[in-house]
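Undergrad: Return atomic coordinates for the entry below.
(2 chains)
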Amino acid sequence: MTSDLKTRIESGDLHFLDGLVLLGTIASQRWFGGKSKDVLDARVLDAGVTPGEPPILAIAIVEVRYGLQTHDLYHLPLGFRPSADGWKESVIAETEGWVAYDAIADPELARRMLELMRTDSSLQTPDATIVFRPTGELPEEVESARPMGAEQSNSSLVLDERYALKLYRRIAPGMNPELEVLRYLTERGFDHTPALEGYVAYEGRPLEATLATLQEFVPAKGDGWDLALDTLAGGEPDWVPEHARRLGEVTAWLHNALASDPSDPHFAPEDPSNEALGLLSASIDEEIEQVFASLPDSPALEQVRGRGEEVRDHLRLLTNIGHVGRVIRTHGDYHLGQALWTDEEDWLILDFEGEPARSVPERRRKTSPLRDVAGMLRSFAYAASAAKIQRNVDPPESWEDRCRAEFLDGYLDTADPALLPSSRDQVERLLTIFELEKAVYELRYELHNRPDWVAIPVAGILRMLEQS
Amino acid sequence: MSDVERHEQPVHWFESNPNWFKTAVFYEIHTRAFFDGNDDGSGDFRGLQQKLDYLQWLGIDCIWMLPFYPSPLRDGGYDIADFYGINPDYGNVEDFRIFVEAAHERGMRVIVDLVMNHTSSDHPWFQASREDPDGPYGDFYVWSDTDEPYSDARIIFIDTEISNWTHDPVRGQYYWHRFFSHQPDLNYENPAVQDAMIEVLRFWLDLGLDGFRLDAVPYLYEEEGTNCENLPRTHEYLKRVRAEIDANYPDRVLLAEANQWPDDVVAYFGDGDECHMAFHFPVMPRMFMSLRREEALPMIEILDQTPQIPDNAQWGLFLRNHDELTLEMVTDEERDYMYEEYAKDPRMKLNLGIRRRLAPLLDGGRDEIELMHAILFSLPGSPVLYYGDEIAMGDNVYLGDRDGVRTPMQWTGDRNGGFSRADFAQLYLPPLMDPVYGFQAVNVEAQLRLPTSLLRWLRRFIELRKQHPVFGVGDYRVLRPENPKIFAHIRSFSEDIVLCVHNLARTAQAVELDLSMFAGRVPVEMLGNTRFPKIGELPYLLTLGPRGFFWFQLQDPADDQ
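TA: Below you'll find the model as predicted:
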């Protein structure tokens, strides 16, 4: 019996996992994005299997189907071992003498993936080719592999404290913007982000998609978010304001690098079309209208309830800008958690996936670099409130303002002025528009996910209203 | 580190979905009219590319482009002089490829008009055919010593043509043309023509194009004693084209233009092995008729006569397009009615139709425009919007032929409506400048700013439709309430049930609907997410404002957790 199932696994036929077992596994994951949807079933759409002795590695594409004819695709690397091995981690199913589990739990299989990349290998599946590509020199031996935690849309492993392997879970057609941007920055020697070392992609009839990237792993003291909370709680409230200027400079270098190659059409800076600002403000306007039309009962919302029209009027005043600078590829989901303070005491920028809730075309769209800047400004506001909510510390009253001012000074002194609106007044207006966009997006997100945090975007919206 | 390798192949930005067109919103563009990217007075691919963000924002899934091939432009480019080229006004093949890739990156597909039936008389094939009857192209067209064959075939362009045959003094024979005399029909009896046209399709599909709108497909073959339309061999050839696409070009689409009765048009779907889509022509004039007469009957009748189509096929539905509002598929009496109501100025008539845009046809009435879109979006099929109608652009009946509905897109209130930075005199056609529909009153920039504008409304409405695939894939069942002014129907796909109720009258109306089969369900109005009273066994009473409409999702309270 055992060998029969092995034959099936090796031939890529993993349908014995289809249905509730698979669904149960996926639905319980942090990276599963369909929690609020009406889930019907899950099945293995396609899989590529490595030959050889167990443990067997299978790269599976899993389809989760919802009502209303919609679905999502997930990347699920699977491991298979004989039951006799006694494997217990992240088990999905045990049947016919074999255990199936999430491969990310198995260091042996993580090493296997790196080996496939090093040797520039491919796996054939019934519908596609899964390609493993190195972009740097990879070692023949890897000793250790440890998980680095799961995010909204991915899970990561650290290999030998030298490489970070990031597996994208929910996959979308096209090239993941992270692979695209990391490749671009690595080729140009940008040294404030860990270099790209390899990637895994699925190329076939159902879709083309990026499954994983391998980056250099850089030892660090922590990310900006944790450091902000730790220093506020640890009696060092000056730490972030004192390092915000440098963060602004590094951010500007990132933008200058992203805008540095006019010959690459995917990155060349462009003049925004005449409608660009109109489309942006129309989209934000609709978002405000929708969010304010359905505000739930909550004391935290009292100060903004019924003020949707006021916010929209304010937005309309701001959008008389004229020159808005140029549009470029940006980070797309920029906040303190994406900046790493390294052991070498400098900032590194991480995670170029963009906001996972947005579509790939939206995440890849060129936009003003000030959108990233606004993201960081909002993040200072979040950190100040989070210190209260999570650590029960009141940051000094001027903390957020100091962070903002230092960060902005560092940024504006360093960024290529051609990318920005021509006057400081216009820069500030455009920043306010993006901050408003962000705050409204946050409001919607928090209402759905973390009602205790609603006060933060509310304060951001009020701040803008009071400026007028 | 080693060289970072680059993707040489264009990236595929779509998930495989052979039925994508069933839930797509199409947008028809005249490249010349959309945006001038090189300041020469004529729209082009570079300009179009700059406007892709706008189309993506609007929610468009697929752009349909009018013909862009080299052409003497005596029929708006439908007179093709080279199937493998691009009209230099628009750019070149490389510009086109880049444009398609840019659209794909934004999640939009592109289909293009292709005329299979005929070419321009300037086409080298025709020139070779007339000069050398025994040469390789001698048999590429339909030649005859007399003008007598196929006398049962009607003349389509009755305003300009007196016969389907024209004498060619060079070859000394008559050639066959179903449309203008400068558009000789290709001879599909000749296997070389059949192969040559498939090569043309392959050329563009290899460049990444997502499909074709096949112009004038019913006329490919001729046969004595028939009206020379919809002949079996025409269908055979289209099946061959489809087989080629299915074998080598997944997820592409063929959209047939067959201005015929639904019974004849469904033949173009075959058994799901011919065209993926076909336009539903007759429903369109009846929507306008229903609106003017304030009764649902004309629409209900034509939908009753519309046969079932294969699961992998879809109707293309539209309110207006680049041609005249065609009245071929109505009775003489209905045509008279339409002319009287919608073409008060004789200049508005063209052939058997009315050459006007949506907004002027509806006297600019916002309620009417919204209502017509609501009906369009609610019917089984995929809606095809015509550029400019999203901002209620007008037309210019003083321009010749169909140019009056092909004027420059109105982007701003600036010079030339923001369409071009060229001198006014250089423009391919003057933009509208009248006080009602001129670019100073009607333009994208202004409507983007105004939250209550038609443009902003339509974007929300497109978004709503796309959230409910039932409109693309669901069943259609008409309700027949006593009030004849109400057009109400149910769209359903498994548990997703939508009730659409439209008031065609210019006065408020009440209607009682028999919804007893849905007793226990709760109608939730879809634009505002408002719950209405639960459906019981008694008739369900609704009141609608003038030209008002409601779309409800009929929710099962048991599904509410």
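
Undergrad: Which one of the residues in chain A is closest to chain B?
TA: Proximity of chain A to chain B (Cβ to the nearest Cβ) peaks at residue A:278, 3.6 Å away. Quick note: C-beta positions are derived from backbone N, CA and C, even for glycine.

Undergrad: Pull the contacting residues for that residue.
TA: Going by Cβ atoms under 8 Å, 6 or more residues apart in numbering or on different chains, residue A:278 touches A:319, B:444-445, B:448-449.

Undergrad: May I ask which of these has the most neighbours?
TA: Using other Cβ atoms under 10 Å in any protein chain shown as the neighbour test, the contacts of residue A:278 are led by residue B:444, with 27 neighbours.

Undergrad: Return the per-residue confidence for the closest residue in space to that one that isn't next to it in sequence.
TA: Nearest residue to residue B:444, sequence neighbours excluded (Cβ to Cβ, 6 or more residues apart in numbering or on different chains): residue B:411, at 5.0 Å. With respect to pLDDT, residue B:411 scores 97.

Undergrad: Mind telling me what element residue B:411 is part of?
TA: Using DSSP states H and E, no element contains residue B:411; it sits outside every helix and strand.

Undergrad: Chain B contacts on the stretch 1-150 of chain A?
TA: Within the stretch 1-150 of chain A, the positions near chain B by Cβ under 8 Å from any Cβ of the partner chain are A:67-70, A:73, A:133-137.

Undergrad: one more time with 7 Å
TA: A:67-69, A:133, A:135-137 (Cβ under 7 Å from any Cβ of the partner chain).

Undergrad: ranking those residues by neighbours, who comes first?
TA: Neighbour max across these (other Cβ under 10 Å) = residue A:135, 24 neighbours.

Undergrad: quick one: it and residue A:195 touch, right?
TA: No. If you go by Cβ atoms under 7 Å, residue A:135 and residue A:195 don't touch, sitting 8.3 Å apart.

Undergrad: Find the residues that touch each one of these two.
TA: residue A:186 (Cβ atoms under 7 Å, 6 or more residues apart in numbering or on different chains).

Undergrad: Would you mind putting the residues of the stretch 1-150 of chain A next to chain B into a markdown table with secondary structure and pLDDT alongside?
TA: Listed next are those as a markdown table, based on DSSP: H, G, I helix; E, B strand; the rest coil; pLDDT from 0 to 100:
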| residue | secondary structure | pLDDT |
| --- | --- | --- |
| A:67 | coil | 74 |
| A:68 | coil | 69 |
| A:69 | coil | 71 |
| A:133 | strand | 97 |
| A:135 | coil | 94 |
| A:136 | coil | 87 |
| A:137 | coil | 91 |
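
Undergrad: How about residue B:421: what's its closest non-neighbour residue?
TA: residue B:39 (4.6 Å).

Undergrad: ok, which stretches of the stretch 51-200 of chain B are strands?
TA: B:62-65, B:109-115, B:143-144, B:165-168, B:173-176 (DSSP state E, counting those that start in this stretch).

Undergrad: what number of residues lie near the residue nearest to residue B:444?
TA: 25.

Undergrad: rewinding a little: state the mean pLDDT of whichever strand or helix holds the residue of chain A closest to chain B.
TA: Using DSSP H and E, the element containing residue A:278 is helix A:276-293. Averaging pLDDT along helix A:276-293 yields 90.

Undergrad: And stretch A:306-318, by the same measure?
TA: Per-residue scores along stretch A:306-318 average to 88.

Undergrad: Which positions within that stretch qualify as buried?
TA: A:307-308, A:311-312, A:314-315, A:318 (16 or more other Cβ atoms under 10 Å in any protein chain shown).

Undergrad: can you give me the offset of that stretch from its chain's centre?
TA: Distance of stretch A:306-318 from its chain centroid, counting by Cα atoms, centre = their mean, to the nearest Å, is 30 Å.

Undergrad: try stretch A:355-368
TA: 11 Å.

Undergrad: is it anywhere near chain B?
TA: Yes. Residues of stretch A:355-368 contacting chain B under Cβ under 7 Å from any Cβ: A:359, A:361, A:364.

Undergrad: Which positions within that stretch qualify as buried?
TA: For stretch A:355-368, by 16+ other Cβ under 10 Å, it's A:355-356, A:359-361, A:363-368.

Undergrad: closest to residue B:477 among those?
TA: Nearest to residue B:477 among those, counting by Cβ to Cβ, is residue A:359 at 33.6 Å.

Undergrad: can you pull the contacts of the residue lying closest to that closest one once chain neighbours are set aside?
TA: Leaving aside its sequence neighbours, residue A:359 sits nearest to residue B:107 (Cβ to Cβ, 6+ apart; 6.6 Å). Taking Cβ under 7 Å, 6+ apart as the contact definition, residue B:107 lies against A:359, A:361, B:13, B:56.

Undergrad: Just give me the neighbour total for the last one.
TA: Yep, that's residue B:56 we're talking about. Around residue B:56 there are 20 residues (other Cβ under 10 Å).

Undergrad: For the spatially most central residue of chain B, identify the helix or strand it belongs to.
TA: By Cα atoms, centre = their mean, chain B has its centre lying nearest to residue B:384, at 4.9 Å. Using DSSP H and E, residue B:384 sits in strand B:382-386.

Undergrad: can you tell me which of the strands of the stretch 51-200 of chain B comes nearest to chain A?
TA: Closest among the strands of the stretch 51-200 of chain B, using Cβ to the nearest Cβ: strand B:109-115, at 12.4 Å.

Undergrad: packing partners for that closest one?
TA: strand B:62-65, helix B:93-105, strand B:211-215 (3 or more Cβ pairs under 7 Å, 6 or more residues apart in numbering or on different chains; DSSP states H and E).
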